[in-house]
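A.B. asks: predicted model and sequence below, questions to follow.
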There are 2 protein chains.
Amino acid sequence: MTHIQLRPPTMADVARLAGVSHQTVSRVLGDHPNVRDETRAKVLHAIEEMGYRRNSSARALATRRTRTLGVVASNTTLYGPASTLFALEEAARAEGYVVSTVSLRRLTVETLSEALAHLSEGGVEGVIALAPQRSAVEALAELRHPFPVVAVGTGSGVEIPSVNVDQHLGARLATGHLLASGHRTVWHLAGPEDWQEAADRAEGWRSTLEEAGVEPPLPLGGDWSPLSGYRAGQELAGWVGRGLTAVFVANDQMALGVLRALREAGVRTPQDVAVVGFDDIPESEFFAPPLTTVRQDFATVGKRSIGLLLDLIEGRTPSGTSRIAIEPQLVVRASTFPYIPQPGAAPG
Amino acid sequence: MTHIQLRPPTMADVARLAGVSHQTVSRVLGDHPNVRDETRAKVLHAIEEMGYRRNSSARALATRRTRTLGVVASNTTLYGPASTLFALEEAARAEGYVVSTVSLRRLTVETLSEALAHLSEGGVEGVIALAPQRSAVEALAELRHPFPVVAVGTGSGVEIPSVNVDQHLGARLATGHLLASGHRTVWHLAGPEDWQEAADRAEGWRSTLEEAGVEPPLPLGGDWSPLSGYRAGQELAGWVGRGLTAVFVANDQMALGVLRALREAGVRTPQDVAVVGFDDIPESEFFAPPLTTVRQDFATVGKRSIGLLLDLIEGRTPSGTSRIAIEPQLVVRASTFPYIPQPGAAPG
DNA sequence: GACGTCATTGTGAGCGCTAACAATTGATGG
DNA sequence: CCATCAATTGTTAGCGCTCACAATGACGTC
């Protein structure tokens, strides 16, 4: 317990001890030029001695800048959102901003609106919304807020600035890879209908098939969980031998469930059915078999999002609707080839 | 883009419009009694009309309360930290606090100290440190900070208030379960030496064996990743038939790697070797085979941590060193029994 | 030697809010 | 009918900082 309970020292206290004016202390702290070295030293010494720390509220009040950004997110224990959150915070900190987060269980108009109000109370200068559900995105555009908002993972069809991994492209990579491997058609296990990313992946899969002159089979639906993948996998197993040889699953966790269901049904992967996932979670490489999947670059998403938000805050970017798209990448592993690459060697 | 770029209205503006004093506006906002209903209505109406929001910096300056808590964490994309973070934020928000997070790549004295400084700049009233590495914990006790700090996941051997899942107990549950199932001894794949939780789990395993009169085999070491588990698993496979029939792995991700290595070596789980993990990540139920593991209640960890920190801040708890321990729970699945329970039915 | 120039430091006025106290009003009761 | 009190509202000071500007002093120039 090394913490002081007494009234903390103010700039004036430091100034008194150093024998200068409070303004000079402020200059030293603000790294202004035109402060004599000797004076600077005196001030720094006094600061050290008193253990002085600038009061952020007073500073924020005087400058009208809190240097705080907000993030609203849901499903933060999933790999994607967690990775994005991490990248976001790191990028913001590099720019000297503090990040306040609100993690929602469910993303609805009400919870989103409460979250924005909560962050507003916290004095954020802008907000990043990790709002993958369509409903939430629409709500975002409606809500009134006294700061700029950047949407991430909402798809590009929204009326607010946004940053997205190109889901459509990712789905094309996955589906195209399966077709190129010789499969006549590709089935699809989609994510929840309400998610824009799920819709984009499904659309990418569908258009790739159509362009190849193949009639897309009826897609199945899941809720991102391994359990829903397992259930869908049981259904898919029933179609083996009746045209099903390849499945594109909308995320890795569901793919895990699918793999297990197929295995239990005596269906071999990839010999009987090839499987591709989406996300490249750290576990994917160690599934049975290791999973071919689509990797999203969350670090870049984070950096670009913060960059865009700061541009908006500083007024560097006209507050029109900017959209940034980031390319995903196909990672090929054993679930689509009849051999098992060495773990640790394969991942790029 | 529904955001106002003009100078936002102040309390005085609202007061003018409502024909009252700014203090009356403050009273309405602060839910003070002794405000006539009619007046309150006028004020609320004016607030609504102008889209007024209280300036948090001014408020914080006047009250000397920022109502902001800080969290320092590392490895936030792992299931455990991510879950704890989520629970922490939810608990803090329920108490009306905003949470600012710093996610570190590596936890060292320097990064920790920078993180605390950064949060201090952000005006936090207290900090939760998710600091599982021993070195970091020691640093925490040394560092000077102007606010209370609660350590989470540090083990109880620290000189600062802390909240922990009882790792020792968790390891006893896992090891005891294997011994009770008839195994003569249990091997152990430990986490990184520097992590207190890894040490506690190893110690729990060791003492359980010793109390059963069994000489503990030499434990292996990993870095929590599936890859390190895979490598250790290859080594463990070499000991099958020479006394190895059961392994307690320090986390689920490494257990995943172990399962794969064993499978590749032609070793069957659980018939030849039983495996127990730790954490109960959502995927564990769908491993091949579904993994017996130890579940930690992160929600409770979050709630208790915030509770303790607020007690410290409000001075409700004497700033002595409080320690809170939370019990983990064994979840039995197919990796320790020769049958496969139905997914979706088994998990409690 | 008077003047301008630059570097350095100090002074005063807020930023927008809440806390403490003062003032006003209306109701109550002897 | 006036003292008394509670309910309601207003007034005045800061909270600790930064900004704009004023003041000071050292130096060089013509």
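C.D. replies: On my side now, so go ahead. Predicted model only: the values in this text are computed from it and were never measured. Numbering: from 1, shown residues only, chains lettered A, B, ... in the order given.
A.B. asks: stretch A:114-134: how far from the chain's middle?
C.D. replies: 15 Å (Cα atoms, centre = their mean, to the nearest Å).
A.B. asks: quick one: terminal-to-terminal distance for that stretch?
C.D. replies: End-to-end span of stretch A:114-134 (Cα to Cα, to the nearest Å): 18 Å.
A.B. asks: and for stretch A:263-278?
C.D. replies: OK, stretch A:263-278 end separation, Cα to Cα: 20 Å.
A.B. asks: am I right that A:Ala288 is in a helix?
C.D. replies: No - looking at A:Ala288 with DSSP: H, G, I helix; E, B strand; the rest coil, it is coil, so not inside a helix.
A.B. asks: show me the contacts for it.
C.D. replies: A:259, A:263, B:259-260, B:263, B:288 (Cβ atoms under 8 Å, 6 or more residues apart in numbering or on different chains). Any C-beta I mention is one placed from the backbone N, CA and C, and that applies to glycine too.
A.B. asks: flag every buried residue along the least confident helix or strand in chain A by mean pLDDT.
C.D. replies: Here the helix or strand of chain A ranked lowest by mean pLDDT, DSSP states H and E is helix A:134-142, holding a mean of 82. By 16 or more other Cβ atoms under 10 Å in any protein chain shown, the buried positions in helix A:134-142 come out as A:134, A:136-137, A:139-140.
A.B. asks: which one of the residues you listed is nearest DNA strand D?
C.D. replies: A:Leu140 (32.0 Å; Cβ to the nearest atom of the strand).
A.B. asks: you'd agree that closest one is up against A:Ala131?
C.D. replies: Yes - contact status for A:Leu140 versus A:Ala131: in contact at 6.0 Å, counting by Cβ atoms under 8 Å.
A.B. asks: identify the contacts common to the two.
C.D. replies: What both A:Leu140 and A:Ala131 touch, as defined by Cβ under 8 Å, 6+ apart, is the set A:112, A:151, A:154.
A.B. asks: so is the second one in a helix, a strand, or just coil?
C.D. replies: Right, the one you point to is A:Ala151. Under three-state DSSP, the three-state class of A:Ala151 is strand.
A.B. asks: kindly report the same for the first one.
C.D. replies: The three-state assignment at A:Leu112 reads helix, by three-state DSSP.
A.B. asks: CA atoms only: put stretch A:81-100 into PDB for me.
C.D. replies: Extracted C-alpha coordinates of stretch A:81-100, given in PDB (Å, rounded to 0.1, in the frame of the first residue of the first chain):
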ATOM      1  CA  PRO A  81     -13.600  -8.700 -30.700                       C
ATOM      2  CA  ALA A  82     -11.000  -9.300 -28.000                       C
ATOM      3  CA  SER A  83      -8.200  -8.900 -30.600                       C
ATOM      4  CA  THR A  84      -9.800  -5.800 -32.000                       C
ATOM      5  CA  LEU A  85     -10.200  -4.300 -28.500                       C
ATOM      6  CA  PHE A  86      -6.500  -5.000 -27.800                       C
ATOM      7  CA  ALA A  87      -5.400  -3.300 -31.000                       C
ATOM      8  CA  LEU A  88      -7.700  -0.400 -30.500                       C
ATOM      9  CA  GLU A  89      -6.300   0.300 -27.000                       C
ATOM     10  CA  GLU A  90      -2.700   0.000 -28.100                       C
ATOM     11  CA  ALA A  91      -3.200   2.300 -31.000                       C
ATOM     12  CA  ALA A  92      -5.000   4.900 -28.900                       C
ATOM     13  CA  ARG A  93      -2.400   4.800 -26.200                       C
ATOM     14  CA  ALA A  94       0.300   5.400 -28.700                       C
ATOM     15  CA  GLU A  95      -1.500   8.600 -29.600                       C
ATOM     16  CA  GLY A  96      -1.700   9.600 -26.000                       C
ATOM     17  CA  TYR A  97      -5.300   8.700 -25.500                       C
ATOM     18  CA  VAL A  98      -6.900   6.800 -22.700                       C
ATOM     19  CA  VAL A  99      -9.600   4.200 -23.700                       C
ATOM     20  CA  SER A 100     -12.800   3.600 -21.800                       C
END
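A.B. asks: rewinding a little: let's see which of the contacts of A:Ala288 end up in helices.
C.D. replies: Using DSSP state H, the subset of the contacts of A:Ala288 located in helices is A:259, A:263, B:259-260, B:263.
A.B. asks: still on that earlier bit, quick one, which of the shared contacts of A:Leu140 and A:Ala131 are buried?
C.D. replies: Buried, going by 16+ other Cβ under 10 Å: A:112, A:151, A:154, out of the shared contacts of A:Leu140 and A:Ala131.
A.B. asks: residue contacts, the most centrally placed residue in chain A?
C.D. replies: Nearest to the geometric centre of chain A sits A:Thr84, at 2.9 Å (Cα atoms, centre = their mean). Residues in contact with A:Thr84, defined by Cβ under 8 Å, 6+ apart, are A:73, A:130, A:152-153, A:298, A:301-302.
A.B. asks: how is it assigned, secondary-structure-wise?
C.D. replies: helix.
A.B. asks: distance of it relative to DNA strand D?
C.D. replies: For A:Thr84, the distance to DNA strand D (Cβ to the nearest atom of the strand, to the nearest Å) stands at 32 Å.
A.B. asks: quick check: that residue vs B:Thr77, distance?
C.D. replies: 10 Å (Cβ to Cβ, to the nearest Å).
A.B. asks: the buried residues of helix A:134-142 into TSV, with extra columns for distance to A:Ala15?
C.D. replies: Below are the buried residues of helix A:134-142 laid out as TSV (distance: Cβ to Cβ, whole Å):
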residue	distance to A:Ala15
A:Arg134	56
A:Ala136	50
A:Val137	51
A:Ala139	49
A:Leu140	46
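A.B. asks: which among those gets closest to B:Thr317?
C.D. replies: Each of the buried residues of helix A:134-142 was scored against B:Thr317 by Cβ to Cβ, and A:Ala136 proved nearest at 38.9 Å.
A.B. asks: in the host helix or strand of A:Glu90, what's buried?
C.D. replies: In this assignment (DSSP states H and E), A:Glu90 forms part of helix A:79-94. Residues of helix A:79-94 classed as buried: A:79-93 (neighbour count, 16+ other Cβ under 10 Å).
A.B. asks: out of the residues you listed, who's nearest A:His168?
C.D. replies: For those, the nearest to A:His168 is A:Gly80 (16.7 Å; Cβ to Cβ).
A.B. asks: state the pLDDT value of the nearest residue to that closest one once chain neighbours are set aside.
C.D. replies: Of all residues not flanking A:Gly80 in the chain, A:Asp279 sits nearest, at 5.9 Å (Cβ to Cβ, 6 or more residues apart in numbering or on different chains). pLDDT, A:Asp279: 95.
A.B. asks: beta partners for A:Asp279?
C.D. replies: Per DSSP bridges, residues listed as beta-bridge partners of A:Asp279: A:Arg295.
A.B. asks: mind checking how far it is from chain B?
C.D. replies: Going from A:Asp279 to chain B by Cβ to the nearest Cβ, to the nearest Å gives 12 Å.
A.B. asks: this completes my enquiry, with thanks.
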